[in-house]
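# Can you look at this prediction? I've put the sequence above it.
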Amino acid sequence: MDISKTPITFLESLPANVSIIAFRENGITRLGDLSVDKLKRPLTTASLSLVGQAFTSLDSVTLPPALQSLSLANSVVRSIRNTTFPATLTALNLTNVSLDAFIVDQSSFLILSRLPSFGSNYTIRASSCLGTLQSIQNGAYSICVTSSSNTVPQSTSMSPPSLNSTTISTGESPSESSSSLATTVALSCVLAVVAGVIIYFVVGRCRHRLRYSGVLKTRRSIALLSSPKATMRGSLMGLHDVRFDPVIASSRLARSDVRSVRTLQADGRATVHYGYWKKEPVTIRQLQPNNPRISVELFMDEVRTCVQVHHPHIVTCLGVTWSTSTDMAIVSEYLDGGSLKSHMTQNGHTKEFHATKWRIASQITEALAYLHGIGICYRSLHADTVLFTSDGVVKLANYGLNKLSVRGGQSGMVSPLLSHLTSIAPELLNGEDFSTMSDIYALGIVLCELDSGRAMAASFDMKGDDTLRDDVEKIMMGQFNPEVSTSCPDEITQIIHACVHEDPHERPTIQAVLQVLQTYGGGLDV
């Protein structure tokens, strides 16, 4: 249910039996009890959007008990106090929201702390706090966490002391009430039967007329023609179609504002174009037409992940555009500084692992540490996906980002990566799925390439089928050992060898690699 720009001042309650509800620019200034309907029955709302609203606080608001997604994007809300977030919550969108106070109890803090992102361009300021300030979003912000003892308990004195509410409100004895209830139920049943009989005869006469006029036949034909569409819609809803996700909806860009100019690259799922969003240069990752269902699923997972990823060393997703469920594109910033591979090709080999190489290695590792920290495996780290801004800042391309748990066993796509064979960990060629440890292996290869100053694929012979088969077998057997130069610092050499270990369980974590690089960088004149 989407209610846009209909004037609403007081949102007293939510409609019953509606899973997805979106209010947009309605001018809502007050909120009632959002956990129950008008008959005080618990709501089953799973997704609630309050986008562009006028209320300035979300204080002591009771949310739907089964809520999974809440969006306050573009609203003027300044404070969130003593609002209990349900344990089912998996997404909170605070895009373009500036909070002066964010105060929750310990249980709500634990729920909020596991969310990967609060959207983009939001601020949370630490105000006076009667509890403790605890960091959230990887330490980027602090919110005030109070203990349950600091909340005001409901007092039993607020309700009448042990009076029979039925007697007060009706004046009837329990037996009279039961008799009245039975009479009401009986009358309801009789009325329902009568109404059913009337409807049956009315529908029968209508069907009789339609049969002779040919309209019934036409309507049946239309129903048959439209059934695949309904089935497709139902199946996509089962796939958690991102078009109905309020977080994604708040990131939607107008199709007319996006223009493709030329094709940059393509894989089995999508094509990447250079183009413009309004007047801004962008990359457009367009879902290819006639994709199988699994590819559409994976692309939707990619969309959902991209809009939640925010890091200075990962390409920024500007938004998503679509016309249908199979015509969808991710619009991202365009980096005009080239790739690591092009830099190494142009600049050649430098023997020293100097400050510039260390900075590049550190920024790549910081980006991976962020992704691993929020449960994302990068999958495609190599010299072509390490990009540069015009002023030399490193950013990883955001193509193909997916959560680790996505479609278990179906997220791996080794075949398109054969052009970057050296970056593929042995276990992937042996049929295992991508993991953070396969990312670590690829990082070791990139560090080795930084040491040598050239992309390893250039020296890895892949000209013939027999040679390619031999090379694949070497990697699968753990017999491919990248060469490190004699001028490479000992600590960098050791971490490279550890990263490319044949056994993924013997490889270091991303935090361990980052620690080595930070220690090494402390001795450089940066």
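That came through, no problem.
# Spell out the secondary structure type for T283.
strand (DSSP: H, G, I helix; E, B strand; the rest coil).
# Work out for me the element M344 sits within.
Element membership for M344, per DSSP states H and E: helix 340-347.
# thought V76 was touching A54?
Yes - here V76 reaches A54: they are 6.1 Å apart, a contact under C-beta atoms under 8 Å. From N, CA and C alone the C-beta is placed, and that goes for glycine too.
# Poorly predicted segments of the stretch 101-250 of the chain, please.
127, 148-240 (pLDDT under 70).
# I meant the chain, not that one.
127, 148-240, 348-353, 402-419, 457-472, 478, 523-526.
# And the helices in the stretch 301-450 of the chain?
Residue ranges of the helices in the stretch 301-450 of the chain, as given by DSSP state H, counting those that start in this stretch, are 340-347, 355-373, 426-429, 436-452.
# hey, which of these is tucked in deepest?
Stretch with highest mean neighbour count among those: helix 436-452 (a mean of 24; mean count of other C-beta atoms under 10 Å).
# Remind me what that one packs against, helices and strands.
helix 340-347, helix 355-373, strand 376-377, helix 426-429, helix 490-499, helix 510-521 (3 or more C-beta pairs under 8 Å, 6 or more residues apart in numbering; DSSP states H and E).
# Tabulate those (TSV), appending distance to P65.
What follows is these, written out as TSV (distance: least, C-beta to C-beta, whole Å):
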stretch	distance to P65
helix 340-347	49
helix 355-373	30
strand 376-377	29
helix 426-429	42
helix 490-499	46
helix 510-521	37
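# quick one, which of the ones you listed is nearest to D59?
The closest of those to D59 is helix 355-373. By C-beta to C-beta, the value is 31.2 Å.
# Tell me what angle that closest one forms with helix 340-347.
Angle between the axes of helix 355-373 and helix 340-347 is 170 degrees (criterion: axes from the mean of the first three to the mean of the last three C-alpha atoms, to 10 degrees).
# so helix 355-373 versus helix 436-452, what angle?
170 degrees.
# Now do helix 355-373: everything it contacts.
For helix 355-373, the surrounding residues in contact (C-beta atoms under 8 Å, 6 or more residues apart in numbering) are 138, 309, 311, 313-314, 340, 350, 377-378, 381, 386, 393-396, 401, 436, 439, 443, 446-447, 450-451, 509-511, 513-514, 517-518, 520-521, 524-526.
# now it, how far from the chain's geometric center?
With C-alpha atoms, centre = their mean, to the nearest Å as the basis, helix 355-373 stands 22 Å off its chain's centre.
# send the alpha carbons of it over as CSV?
Output in CSV follows, covering the C-alpha atoms of helix 355-373 (Å, rounded to 0.1, in the frame of the first residue of the first chain):
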residue,chain,number,x,y,z
ALA,A,355,54.8,4.9,0.6
THR,A,356,52.5,5.0,-2.5
LYS,A,357,52.4,1.2,-2.7
TRP,A,358,51.8,1.0,1.0
ARG,A,359,48.9,3.6,0.8
ILE,A,360,47.3,1.6,-2.1
ALA,A,361,47.6,-1.7,-0.2
SER,A,362,46.2,-0.1,3.0
GLN,A,363,43.2,1.4,1.3
ILE,A,364,42.3,-1.8,-0.4
THR,A,365,42.6,-3.7,2.9
GLU,A,366,40.5,-1.2,4.8
ALA,A,367,37.7,-1.6,2.2
LEU,A,368,37.8,-5.4,2.5
ALA,A,369,37.8,-5.1,6.3
TYR,A,370,34.7,-3.0,6.2
LEU,A,371,32.9,-5.5,3.8
HIS,A,372,33.9,-8.6,5.9
GLY,A,373,32.8,-6.8,9.0
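# Which residue ranges make up the domains of this structure?
Domain ranges of the chain: 2-148, 258-333, 340-521, per automatic domain parsing.
# how about the ones you listed in CSV, adding distance to D245?
What follows is the domains of the chain, written out as CSV (distance: least, C-beta to C-beta, whole Å):
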stretch, distance to D245
domain 2-148, 7
domain 258-333, 7
domain 340-521, 14
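# Does the residue lying closest to F109 once chain neighbours are set aside lie in a helix or a strand, and which?
By the measure of C-beta to C-beta, 6 or more residues apart in numbering, the closest residue to F109 outside its immediate chain neighbours is V145, 4.6 Å from it. Using DSSP H and E, V145 falls within strand 141-146.
# try F102
Here F102 is assigned to strand 101-105, by DSSP H and E.
# and the closest residue to M456 other than its chain neighbours, how many neighbours?
Distances taken as C-beta to C-beta, 6+ apart place T422 nearest to M456, at 4.6 Å, with adjacent residues excluded. T422 has 23 neighbouring residues, counting by other C-beta atoms under 10 Å.
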